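[1] quick one, structure for this:
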Amino acid sequence: MKFAVLVFPGSNCDIDCFKAVEDSIGQKVEYVWHTATDLSSFDAILVPGGFSYGDYLRCGAIAQFAPVMNEVKKAADAGKYILGICNGFQILTEAGLLPGALLRNSGMKFRCHSTLLEVVNNETAFTNQYSKGEIIDIPIAHGEGNYYCDEATLAQLKANNQIVFRYKAGANPNGSTEDIAGVRNLRGNVVGMMPHPERAVDQLLGSEDGKRMFTSILNAWREQHGAAVNS
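    Numbers count the residues shown, from 1 in each chain. Purely as a prediction, here's the structure:
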């Protein structure tokens, strides 16, 4: 399996994502600059956290126009796996690949600490190694992580099981609508989340609960291609 880690001016979690793939699942991974115009050789695309283009206008608002995002949309249409983390989640919503928007944290402060999440949907390519309702420890680091959508969109998210993660009840750090921490597209091959699973792949980091996101993607790809899941 081959992963792409996108790099925008201002990305700062690209190395974390690269190392998570390299060390956690031992698959091929390459950095891809924001000017790239071909992602056809990749099976999965990681859109990392950071401050793309300095977060001017809105977080992700400029990055959505980068040449590589046209290729990300093509990859999404082709059914490839796309994971947006933190600023990557913001970029995917700005690009229209995921519903909703990310607003300033309700407390108007940058939050950086360990956070407990509930796995709401474990039937995605990104969560198949978790149990439904499982509580996992994944850190956050954001100032604009307050997920918002209107009532009609929220109803659709619930009806289509598109809510992937929620902050544990009583532990919402940013005011997100109904504690939402991550969502998927209708097809299920695009997921965005504010917490950082790439920063929770080894117990030395305080948690290894994020590692299963990467093993989930690998297992989904292997099953899709008829390879042995445990090979």
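[2] the top helix by length along the chain packs against which elements?
    Using DSSP state H, we find that the single longest helix of the chain is helix 211-224. Judged by 3 or more C-beta pairs under 8 Å, 6 or more residues apart in numbering; DSSP states H and E, helix 211-224 is in contact with helix 14-24, strand 81-85. Using the backbone N, CA and C atoms, a C-beta is placed for each residue, glycine as well.
[3] contacting residues for residue 46?
    For residue 46, the contact set (C-beta atoms under 8 Å, 6 or more residues apart in numbering) comprises 3-6, 17, 21, 83, 85, 88, 198.
[4] how about the strands in this protein?
    2-7, 28-33, 44-47, 81-85, 101-103, 111-119, 135-142, 146-148, 163-167, 180-184, 190-193 (DSSP state E).
[5] sheet partners, orientation included, of the second one?
    Read it as strand 28-33. In the sheet, strand 28-33 lines up against strand 2-7 (parallel) (DSSP bridges).
[6] Throw the contacts of residue 46 into a markdown table and include neighbour count, thanks.
    Output for the contacts of residue 46, formatted as a markdown table (neighbours: other C-beta atoms under 10 Å):
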| residue | neighbour count |
| --- | --- |
| 3 | 26 |
| 4 | 27 |
| 5 | 26 |
| 6 | 28 |
| 17 | 29 |
| 21 | 25 |
| 83 | 28 |
| 85 | 30 |
| 88 | 30 |
| 198 | 30 |
